[in-house]
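K.L.:
Give me coordinates for this.
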Amino acid sequence: MPTSTRKGKPATAATTPTRPHFCTDRLPAHELARPQLTIGRGGGARAIIVISKMWPNGSTLRVRFMGGTAAQKNLARQQALWWTEHANLKFDFNDAPDAEIRVAFNPNDGAWSFIGTDCKGIPLNQPTMNLGFMDGGTAAHEFGHAIGLGHEHQNPRGGIQWNEARVIQDLSGSPNFWDEATIRHNVINKYSTNQIRGTEFDDNSIMLYFFPASWTQGGMATHANEVLSELDKSFIASSQAYPKTDVGGAPAPVVLKTDGTPKSASIGKTGEEDLFSFKVTKAGRYVVETGGTTDLVMKLYGPNNPTALIAEDDDSGVALNARIIATLLPGTYLVQIRHYNLNNGTGNYTVRVRKG
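P.N.:
I've put the predicted structure just below:
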């Protein structure tokens, strides 16, 4: 396989292709049958993170290397830690069999990663990321996907007007050989504003592809970004992504009692995410739901694993409230609640857990 120019390195006739060779986002099987980028209600059009695929703030993500040389693993480890210098996340490179992130180094499979919590749905004997080439900041780019970051050129505030015919023509040939659906998913389509949170378009982001001026209607081109930009660093540490607390780590979750009185709570500032926990002592059907007039989104993780996403819900409860109904095994569960409108949504609510 020729050396990649994914991040915009100069090509030479002897060693590199004449067209950019990009990494790909991979979708889990349950998303392949539906459009990834849909237009929805509300939310701010504003580096970008895919809301539904974020890990709980303060998570420790275990990493298993599936092959690779000592040099490859060392480079991947070094670049992954670029993110955790700023984000309230930790990587534990312990090669656990059930690690959340599993990295292969197949030189015939390019560079790609599943995004954020999608990694949890991949069979444990399969990688969630491949580093088939590792030029420049490739590993940091892919670990950015693994913590939930999307491609910067798909930021809805990017304003890129693609020369679609040329993009499809170039990426259909060597060295990518993509079909049109893959090209649209990874390059042309933009996220709708309710799917992401983030900043204005950052042309220095490590999550931005290199692409030539011939691919756009206005002659816009991007340059090679091999390290985290200042905006990448500030965004990943912000309240929109994985903010660190004054005392270090994420705040302790509020404990809920099954079949107890609903717990009063509040989204006091924009972008806030509240955490609750509860214990299940007997397997069965349980209902976790919010109450009140505040528009909320809820995620449920567990058992005994704060990164194992069980379910997510927006409006299945009364009015704009969230409700998750699931059969749960004994163990401890984590509930994460945020306002639907990340830009200016605040409000009071209640949350409770009851047997179904």
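
K.L.:
Please make it C-alpha for all contacts and neighbour counts, starting now.
P.N.:
OK.

K.L.:
all strands for the stretch 101-250 of the chain, in order.
P.N.:
Along the stretch 101-250 of the chain, counting by DSSP state E, counting those that start in this stretch, strands occupy 101-104, 111-114, 129-131, 196-198.

K.L.:
Each with direction, which strands does the third one pair with?
P.N.:
Next to strand 129-131 in the sheet, as set by DSSP bridges, lie strand 101-104 (parallel), strand 111-114 (antiparallel).

K.L.:
what residues does that strand touch?
P.N.:
Outside strand 129-131, the residues that touch it by Cα atoms under 8 Å, 6 or more residues apart in numbering are 101-107, 109-114, 138-139, 142, 146.

K.L.:
Average pLDDT for that strand, rounded please.
P.N.:
The average pLDDT for strand 129-131 rounds to 95.

K.L.:
Repeat that for the first one.
P.N.:
Along strand 101-104, the predicted local confidence has a mean pLDDT of 98.

K.L.:
Could you list the low-pLDDT ranges of the stretch 251-356 of the chain?
P.N.:
By pLDDT under 70, the low-scoring segments of the stretch 251-356 of the chain are 251.

K.L.:
quick one: the strands in it?
P.N.:
Using DSSP E, counting those that start in this stretch, strands in the stretch 251-356 of the chain cover 254-255, 263-267, 273-280, 284-291, 296-301, 309-313, 323-328, 331-339, 347-355.

K.L.:
CA-only coordinates of the fifth one in CSV, if you can.
P.N.:
Output in CSV follows, covering the C-alpha atoms of strand 296-301 (Å, rounded to 0.1, in the frame of the first residue of the first chain):
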residue,chain,number,x,y,z
LEU,A,296,-34.0,16.6,28.6
VAL,A,297,-31.8,13.8,27.1
MET,A,298,-30.8,10.8,29.2
LYS,A,299,-28.2,8.0,28.9
LEU,A,300,-28.0,4.8,30.9
TYR,A,301,-24.7,3.0,31.5
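
K.L.:
Neighbouring strands of it in the sheet, and parallel or not?
P.N.:
By DSSP bridges, strand 296-301 pairs with strand 309-313 (antiparallel), strand 331-339 (antiparallel).

K.L.:
contact partners of the last one?
P.N.:
In other words, strand 331-339. 56, 253, 267, 270-281, 294-306, 345-346.

K.L.:
follow-up on the earlier one: can you convert the strands paired with strand 129-131 into a markdown table and add a column each for mean neighbour count and distance to residue 82?
P.N.:
Shown next, in a markdown table, are these (neighbours: other Cα atoms under 10 Å; distance: least, Cα to Cα, whole Å):
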| stretch | mean neighbour count | distance to residue 82 |
| --- | --- | --- |
| strand 101-104 | 25 | 16 |
| strand 111-114 | 26 | 17 |
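
K.L.:
To residue 121, which of those lies closest?
P.N.:
strand 111-114 (9.8 Å; Cα to Cα).
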